[in-house]
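1. Whatever this is, show me its structure:
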Amino acid sequence: MLINWFTVIAQIINFLILVFLLQRFLYKPIMQTIKKRQTMIDARWEDAEIAQEEAQREADTYRQQQQKLQQQEETMTAQMRNKVEQEHSQLLTKARQEVEEMQKKWREALLQEQNYFIRSLRQQIAEQTYVIARQALQDLANADLEQQMITSFCQRLQQIDENQKQIITQSLQDSHQPTIIKSSFEISPESKQQIIKALQIQAINDNLLKFEPSPDLICGIQVKLAAYVISWNLDDYLQTLESRFQQLGMNS
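-> Now for the predicted structure:
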């Protein structure tokens, strides 16, 4: 079989021309189009990635803002709750203090009223006791009791010491007033002599002696030697009792 080289070469040339034409008018435009589409796709993909990154950043920013707002809200809520609790506690404390102050004032007022009532009651009891005792002693006075009072009075005269004697003697010398012996009853002549003798024993001599009954004395007798007074009188005991009642009332 003979090879027609001309035909072969012509076929090769035709093939090369076909390849060139295909490359020039078909493959190259297609490749360019594909390349452009790929470039566009890459650009869009890049834009999409950028947009996605931007969206992610915005989402992160939004999330951070949400977290910040939530934290601020929680902080404000906690602060508000603390403030409300503090105000509530302060109001309760103030109300409790006011109630305690009112209770304290009420107790003080009640205690003052109670003390006043007790003092008044004690004072009334003391006054009534004093009046009753005074009246009872006046009713019980008799001759035996009167003689006993004179004896007690004379014993008190015997208890005068030297300093008192000097004071009494000097007072009698300086004074020209009579020596007055007062009693709640009428003194018998014998009892008068007993008193005079008791004065003389103490070297108290006074020619100006006067005996006077005194209704102000309760079962008692007293002698006034110038500015010096010696007495035995149940009224003194009653006044002492009354003073003690008054002191108890003031100390209550």
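
2. ok, then the element right after the helix or strand encompassing residue 197?
-> Secondary structure from DSSP states H and E places residue 197 in helix 189-201. Note on helix 189-201: by DSSP H and E, the next helix or strand toward the C-terminus is strand 209-213.

3. distance of residue 26 from residue 39?
-> Per CB to CB, to the nearest Å, residue 26 is found 20 Å from residue 39. (Glycine included, C-beta is placed from N, CA and C.)

4. just residue 191 next, same as before
-> According to CB to CB, residue 191 stands 158 Å off from residue 39.

5. Who has more neighbours out of the two?
-> Neighbours were counted for residue 191 and for residue 39 using other CB atoms under 10 Å; residue 191 has more, 21 against 10.

6. If I follow the layout properly, the more buried one ends up in contact with residue 147?
-> Yes. Look at residue 191 against residue 147 with CB atoms under 8 Å: they come within range, at 6.9 Å.

7. residue boundaries of the strands in the stretch 151-252 of the chain?
-> With DSSP state E, counting those that start in this stretch, the ranges of strands along the stretch 151-252 of the chain come out as 179-183, 209-213, 220-225, 228-233.

8. Alpha carbons of the first one, in CSV - could you do that?
-> Which is strand 179-183. Output in CSV follows, covering the C-alpha atoms of strand 179-183 (Å, rounded to 0.1, in the frame of the first residue of the first chain):
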residue,chain,number,x,y,z
THR,A,179,-38.0,79.6,182.5
ILE,A,180,-41.2,78.1,181.0
ILE,A,181,-42.2,74.4,181.5
LYS,A,182,-44.9,73.4,179.1
SER,A,183,-46.9,70.2,179.3
